[in-house]
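J.: Okay, structure incoming, though there's no sequence with it:
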């Protein structure tokens, strides 16, 4: 999905946003690994290699949109959706993911990526609902989801354990129009 867009952006709102390419895997792994190693927002506990990230990208883009925010040839953030649950009845519901390079946070990159991702998800009539799964507390991510039409649907207490502490998780949901 979207790989034919190798030469430019299909996103009207921001020309710095484009579909992911395999060669983005190293930059994406670097962005992601900051959160894996230093925070609780990702429940992964081991850094991900560029090769493993390339595999994740290739497995997702067959069916789901994955986009990046690029400036001067450098990937500064990425966003994608993937399967929410594996059972077939969930096939029309996707889970969103978004990460911005730590040094670039607070510059509106996440907002622009998320808006573009929701635009792309909205184009695909196969997707009916989007779930945001957020490690809590994370006011920035909760606010981003709510500004994009999501509502908090659930709060699970102490369901993750990382960095020697229990972590709550919240679910935000949005039913796509159409």
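T.: Perfect, I can see it now. In this text, all values refer to a predicted model and were calculated from it rather than measured experimentally.

J.: quick one: contacts for the residue positioned nearest the centre of the chain?
T.: Central residue of the chain (C-alpha atoms, centre = their mean): residue 97, 1.9 Å from the mean position. For residue 97, the contact set (C-beta atoms under 8 Å, 6 or more residues apart in numbering) comprises 79-82. The C-beta positions use only the backbone N, C-alpha and C, and glycine is treated the same way.

J.: need those in JSON lines with secondary structure, can you?
T.: Output for these, formatted as JSON lines (DSSP: H, G, I helix; E, B strand; the rest coil):
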{"residue": "79", "secondary structure": "strand"}
{"residue": "80", "secondary structure": "strand"}
{"residue": "81", "secondary structure": "strand"}
{"residue": "82", "secondary structure": "strand"}
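
J.: Tabulate the residues you listed in TSV, adding columns for pLDDT.
T.: Output for these, formatted as TSV (pLDDT from 0 to 100):
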residue	pLDDT
79	98
80	98
81	98
82	97
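
J.: what about the closest residue to residue 126 other than its chain neighbours, how many neighbours?
T.: The shortest distance from residue 126 to any non-neighbouring residue, by C-beta to C-beta, 6 or more residues apart in numbering, is to residue 92 (6.3 Å). Using other C-beta atoms under 10 Å, the number of residues around residue 92 comes to 13.

J.: Residue 92 touches residue 128, doesn't it?
T.: Yes: between residue 92 and residue 128 there is a contact at 4.0 Å, judged by C-beta atoms under 8 Å.

J.: Who does residue 171 form a beta bridge with?
T.: residue 133, residue 154 (DSSP bridges).

J.: you'd agree it is up against residue 153?
T.: Yes: Residue 171 lies in contact with residue 153 (C-beta under 8 Å); the separation is 4.8 Å.

J.: Next, the residue nearest to residue 126: phi, psi?
T.: Residue 92 adopts backbone torsions of phi -100, psi 10, taken as degrees, to the nearest 10.

J.: just to revisit the earlier point, using neighbour counts, give me the buried entries of the contacts of residue 97.
T.: 79-81 (16 or more other C-beta atoms under 10 Å).

J.: Show me where this protein has its strands.
T.: Here the chain has its strands, by DSSP state E, at 17-19, 66-71, 74-83, 93-100, 129-136, 151-162, 165-175.

J.: Residue 37: which of those is closest?
T.: strand 151-162 (10.8 Å; C-beta to C-beta).

J.: Give the other helices and strands that that closest one contacts.
T.: strand 129-136, strand 165-175 (3 or more C-beta pairs under 8 Å, 6 or more residues apart in numbering; DSSP states H and E).
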